[in-house]
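I need the structure of the sequence given here:
(chains A and B)
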Amino acid sequence: MIIGLQIIALLFAFSMVYFAVLHYKRREINGTEITSWLIMWTLAIVVIIFPELLRTFAKTFLVTRVFDLMVIGGFILVISITSVAYIRTKKLEKKLEELVRKEALNKKKK
Amino acid sequence: MKIFIIIPLHNEEKYVGSVLDSLTKYKLPIIVVDDGSTDNSQLSIINFQKRQKDIFLLIHKINLGKGAAMKTGADYAFAHGADAIIFMDSDGQHEAKDLPKFVEALESKKYNVVFGTRNSSYGVPLVRFLGNKFASILMNMMFRIFVTDVLCGFRGLTKNAYEKLRWNSTGYGVETEIVARVGKTGLSHCEVPVGTVYHEKLKGVTILDAFGILGQVITWKFTI
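Next comes the predicted model:
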């Protein structure tokens, strides 16, 4: 039986699939990226509809409830993505700084 | 000794003209780095250039922050024959009459870095005064260097010092990072008293910036 929380999670997952496809159509992400996102959200949808699939994993990691396992998994994923995004932002900041400074030095006004 | 004055600038059309006016009698080359101003600051400088030689304008197309503007100015100065540089703020907070103290200290060749120290009786707001004291104690504990006014932007560096201190901070953390790097490298330094005028309380380092800098100080302890 599907409960309220599962409906909300499904709506969220489907909207994320929609946004992934939208960004792909706008050519903001490439083929590999859209494939990765689609695989990830499809797995999420399957797990949301059939949470019992994770029961074995929960037992293996000594987690009592499947829901707890999903929350832990979600945290790990969010932290990983945030770290990658942070590093990429720092790299971009550095490149932008170099570009702007270089241009300022080359186009001095006297 | 060839000394350049470097003025990082961001939206200071109100004060930059009078700052430049006050500097003319010292006959030192001036580099103004406009850090993505959206007001008429650039126009004030271009008008000033018509009257005054030895004033150079470098333009950051977007606002990168004070530290980045200082670095651009320093790179330009040392690439054009400077032996030392003096940083001054563009908001009229620093007084040109204090320049000879920096020039004298740099020309004595005893010091690589000259820090300006604002006198608390010259109208430094209490919160800033306490924040500064806390910063001095913290820097002393972490980097074994005591500078009375860690956040004062009025300071001088020799070419040798700049090569060793070249900072990474792009924002207001730059002053603190320079102090940390002086502490780590053991460069000779001194302090000279400077006057200060606060025009606008909302400008400059805010409490939020201060918390950000505090976090950076901890990382510098391990990364510098």
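
residue closest to the middle of chain B?
The structure's chain B has its C-alpha centroid closest to residue B:153; by CA atoms, centre = their mean the separation is 3.3 Å.

now swap in chain A and tell me
residue A:81 (6.0 Å).

Could you report the separation of it from residue A:75?
Counting by CB to CB, to the nearest Å, the gap from residue A:81 to residue A:75 is 11 Å. For glycine as for every other residue, the C-beta is placed from the backbone atoms N, C-alpha and C.

Look up the closest residue to the residue nearest to the centre of chain B, ignoring the ones flanking it.
Nearest non-adjacent residue to residue B:153, counting by CB to CB, 6 or more residues apart in numbering or on different chains: residue B:89, 4.9 Å away.

in what helix or strand does the residue lying farthest from the centre of chain B lie?
Note on chain B: the largest C-alpha distance from the chain mean falls to residue B:50, namely 25.7 Å (CA atoms, centre = their mean). Using DSSP states H and E, residue B:50 sits within helix B:41-51.

for the worst-scoring helix or strand of chain A on mean pLDDT, which positions count as buried?
None of the helices or strands of chain A scores lower by mean pLDDT, DSSP states H and E than helix A:55-60, at a mean of 84. Buried residues in helix A:55-60, counted by 16 or more other CB atoms under 10 Å in any protein chain shown: residue A:58.

Run the chain-centre distance for that helix.
Centroid separation for helix A:55-60 versus its chain: 24 Å, with CA atoms, centre = their mean, to the nearest Å.

Chain A contacts on chain B?
Residues of chain B lying near chain A by CB under 8 Å from any CB of the partner chain: B:33, B:46, B:49, B:56-62, B:64, B:68, B:71-72, B:75-76, B:79, B:170.

where along chain B do the helices fall?
With DSSP state H as the criterion, chain B has helices at B:16-23, B:41-51, B:66-79, B:99-107, B:126-143, B:159-165, B:174-185, B:207-223.

Can I get the ones you listed in CSV including distance to residue A:22 and mean pLDDT?
Shown next, in CSV, are the helices of chain B (distance: least, CB to CB, whole Å; pLDDT from 0 to 100):
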stretch, distance to residue A:22, mean pLDDT
helix B:16-23, 46, 90
helix B:41-51, 40, 87
helix B:66-79, 35, 95
helix B:99-107, 57, 95
helix B:126-143, 47, 85
helix B:159-165, 47, 95
helix B:174-185, 41, 94
helix B:207-223, 35, 82
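
Show me the shaky parts of chain A.
Residue ranges of chain A with pLDDT under 70: A:1-2, A:108-110.

same thing but 50
For chain A, no stretch is flagged by pLDDT under 50.

how close does residue B:182 get to residue A:85?
For residue B:182, the distance to residue A:85 - CB to CB - is 34 Å.

Give me the more crowded residue out of these two.
More neighbours surround residue B:182 than the other of residue B:182 and residue A:85, with 24 against 10 (other CB atoms under 10 Å in any protein chain shown).

Residues contacting stretch B:154-163, please?
When contacts are defined by CB atoms under 8 Å, 6 or more residues apart in numbering or on different chains, stretch B:154-163 is touched by residues B:3, B:74, B:78, B:82-89, B:94, B:98, B:102-103, B:105-106, B:111-116, B:165, B:175, B:178, B:182, B:187, B:194.
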